[in-house]
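Novice: Give me coordinates for this.
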Amino acid sequence: MKPRYSALAIWLRTLKVAYWLGWQIESNWTDPLLFFIYSIARPLGGALILVFMYFVVSRGRQAEMLGFFVVGTAFWPFVIAGMMGMAWGIISDREHWKTLRYVYTSPIPYWVYLVGRSLAQATSATAAMAITLLFGRWILHVPLHVGSMNIPYATIALALGITSIVALGFIVVSAAMGISGEAWRMPEGVGAALYLVCGAIFPVTVLPGALQNIAQTIPLTWWLEAMRRGLLGNNVTHSFPWAGDGQVLAIFAVVTAVWTGAAAFIFSYAERRARVLAPHRDSLPEVSPQWQMQSRPPGSVPGTPASSHYGPDRPSIAHTSHFLVTATSPVPIPAIRRDLDFCSRLIYGILDHISRYGAKSAQNYGWRQACDGDLQAEGDGRGPMAHRDRHLEGSCITSLS
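Specialist: Down below sits the predicted model:
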């Protein structure tokens, strides 16, 4: 008999394989030497841009804000790689690599697979963090002295920060499940909006009162504040001067726990809703015997239904594969899916507008103008989904491709 693995063992094996897969995708696009040079040049370039901007504004004077800049720039790549990387990973699996159908229908916890991919992306940001901090210490003379650092405090804050980044990544992935197309821009819009309100390059005290209240509810704001206090102590400008070090860490832990619970609920709801929006099983074509044989995992008993090997809440490979065929063909579109797609694009259009206005970015995303046109088209029944049957992927789970 084949050995039976416990749930924890399955989670750990899935996490290990997903981590390895994410790292291979992240690093195997070129030879190791060029990847090493790229890993050094990219963070240094980003840090130098902000440092030069700082010196231009401060007219060459070095003050406590320089350390604020360096620490925020060093740790923000974790957000880009962990949160945005998880969303980009699931979108690329669905729309570029076309492998999501095989991953999702395999007998593994899918959320553990996403965590592994996110941690692999976050690992790639470790080099950027270390290089930026070393550059700030030895070139810019930021007071990053080991003797003055609170290492246990910074370690706890970093662990909570990675947890909060993964939680935010699940929320972004849940939103991607409800978008049938144009999902590539969404992680960038969310990341740019968070970059402005989370105190990455300037204290939240300079924000308007309403945005300060919003910033206090986001765990990334408290994470960056805790990392600055752990690495620089009192030699840096604080986003929350009214709070002590212990109070900052305690509030950060509470906010992270709330967002983690919310992420688990939202992801579970989005996954169930995506299945509800899928065409009914009775409307699918008959499953051929060949598909039934291919849909069973190795070592299964012949003659048993394929879906029984995956549990009542997990579709079989045969059902999913037939559904993938029908999901990309011209079929009637439920009104609820059209409204969900329209609302999602409208929300991310607003986020894109806010981020471009605050950052004064010259980049033109283009899909925002399309969203404005969809607003008029929806009024007379010419919704965007009516002319986009070929892009009918519905959601991350309903398309699985």
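Novice: Output the lowest mean pLDDT helix or strand found in this structure.
Specialist: helix 317-327 (a mean of 33; mean pLDDT, DSSP states H and E).
Novice: was I right about Leu249 contacting Thr155?
Specialist: No. With contact defined as CB atoms under 8 Å, Leu249 and Thr155 do not form a contacting pair (11.2 Å). Every C-beta, even on glycine, is put in place using the N, C-alpha and C of the backbone.
Novice: These two - which one has more neighbours?
Specialist: When Leu249 is set against Thr155 and neighbours are counted by other CB atoms under 10 Å, the residue ahead is Leu249, at 20 against 11.
Novice: pLDDT below threshold where in the chain?
Specialist: Across the chain, the ranges flagged by pLDDT under 70 are 1-5, 60-63, 180-182, 278-401.
Novice: contact partners of stretch 126-135?
Specialist: Taking contacts as CB atoms under 8 Å, 6 or more residues apart in numbering, the residues outside stretch 126-135 that touch it are 39-40, 42-44, 46-47, 70-71, 73-75, 77-78, 144, 231.
Novice: hmm, 7 Å instead?
Specialist: Outside stretch 126-135, the residues that touch it by CB atoms under 7 Å, 6 or more residues apart in numbering are Ser39, Ile40, Arg42, Pro43, Leu44, Ala47, Val70, Thr73, Ala74, Phe75, Pro77, Leu144.
Novice: And for stretch 80-89?
Specialist: Outside stretch 80-89, the residues touching it (CB under 7 Å, 6+ apart) are 22, 114, 117-118, 121-122, 124-125, 162, 165-166, 168-169, 172-173, 176, 187, 191.
Novice: Check stretch 40-48 too.
Specialist: Outside stretch 40-48, the residues within contact range by CB under 7 Å, 6+ apart are Val70, Thr73, Pro77, Ala128, Ile131, Thr132, Phe135.
Novice: Turn those into a markdown table, columns for neighbour count, distance to Ala274 and secondary structure.
Specialist: As requested, the contacts of stretch 40-48 are arranged in a markdown table below (neighbours: other CB atoms under 10 Å; distance: CB to CB, whole Å; DSSP: H, G, I helix; E, B strand; the rest coil):
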| residue | neighbour count | distance to Ala274 | secondary structure |
| --- | --- | --- | --- |
| Val70 | 26 | 42 | helix |
| Thr73 | 24 | 37 | helix |
| Pro77 | 22 | 30 | helix |
| Ala128 | 24 | 34 | helix |
| Ile131 | 18 | 40 | helix |
| Thr132 | 25 | 39 | helix |
| Phe135 | 20 | 44 | helix |
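Novice: residues of the helix or strand in which Leu119 is found that come out buried?
Specialist: Taking DSSP states H and E as the definition, Leu119 sits inside helix 110-138. Judged by neighbour count (16 or more other CB atoms under 10 Å), helix 110-138 contains these buried residues: 110-125, 128-129, 131-133, 135-136.
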